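> Give me coordinates for this.
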Amino acid sequence: MLGNVPYPHPGSAARAKAMSQIPNRRTKLEVEFSRALWRRGLRFRLNRRDIPGIPDLAFIGAKVAVFCDGSFWHGRHWDRVERIRSNSDYWKRRIALNISRDLSVNETLRDSGWLVLRFWDDELKNDRQRCVDVVEAAVRQRQTG
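Presented below is the predicted three-dimensional model:
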């Protein structure tokens with residue numbers, strides 16, 4: 001239930017509509033993170049479809065791909081997945097596929113000479129400055145190295 005409205009069943013048209021409302025590009029955290037990087041003088045491209053995995057931020061010249069991953073969707077707390085009560089088999093399968101895809105994307109990018117940086121949403125929220133520092137150091141090192 002969402003309030004007094006029944007939660008749509010997975011696979012239903014209502015559920016598909018509800019899922020489509022969840023932002024998967026340019027979330028508030030991503031916008032704030034990218035603005036902090038921009039203020040540091042770092043220039044990047046957003047959601048480049050020609051780069052495997054479609055990184056949230058891509059530093060083309062330095063070949064640094066940055067992903068801002070949601071903890072739930074990308075399985076950060078996989079040990080807690082057993083706590084999911086509503087349609088748990090579906091969510092376990094979905095999250096496991098996301099984890100597998102992330103690992104595959106990481107490998108593909110690394111094999112192509114990219115540095116892959118992944119940040120969890122709570123890292124971006126609670127320790128954005130450290131995340132910005134990590135990206136800046138990586139980009140600057142790869143630009144001069």
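> pull the helix or strand with minimum mean pLDDT from this structure.
helix 13-20 (a mean of 57; mean pLDDT, DSSP states H and E).
> next one: the helix or strand following that helix to chain centre, how far?
Per DSSP states H and E, helix 13-20 leads on to helix 28-39 as the next helix or strand towards the C-terminus. Centroid separation for helix 28-39 versus its chain: 14 Å, with Cα atoms, centre = their mean, to the nearest Å.
> Show me what the mean pLDDT comes to for helix 28-39.
Over the span of helix 28-39, the pLDDT mean works out to 96.
> How about that helix, which residues are buried there?
By 16 or more other Cβ atoms under 10 Å, the buried positions in helix 28-39 come out as 29-30, 33-34, 36-37. Every C-beta, even on glycine, is put in place using the N, C-alpha and C of the backbone.
> With respect to Cys68, which of those residues is nearest?
Nearest to Cys68 out of the buried residues of helix 28-39 is Glu30 (Cβ to Cβ; 4.9 Å).
> I'd say that closest one and Val66 touch.
No. Glu30 lies out of contact with Val66 (Cβ atoms under 8 Å); the separation is 9.5 Å.
> what's the overlap in contacts for those two?
Shared contacts of Glu30 and Val66 (Cβ atoms under 8 Å, 6 or more residues apart in numbering): 56-57.
> If anything else comes up later, I'll come back, but that's it for now.
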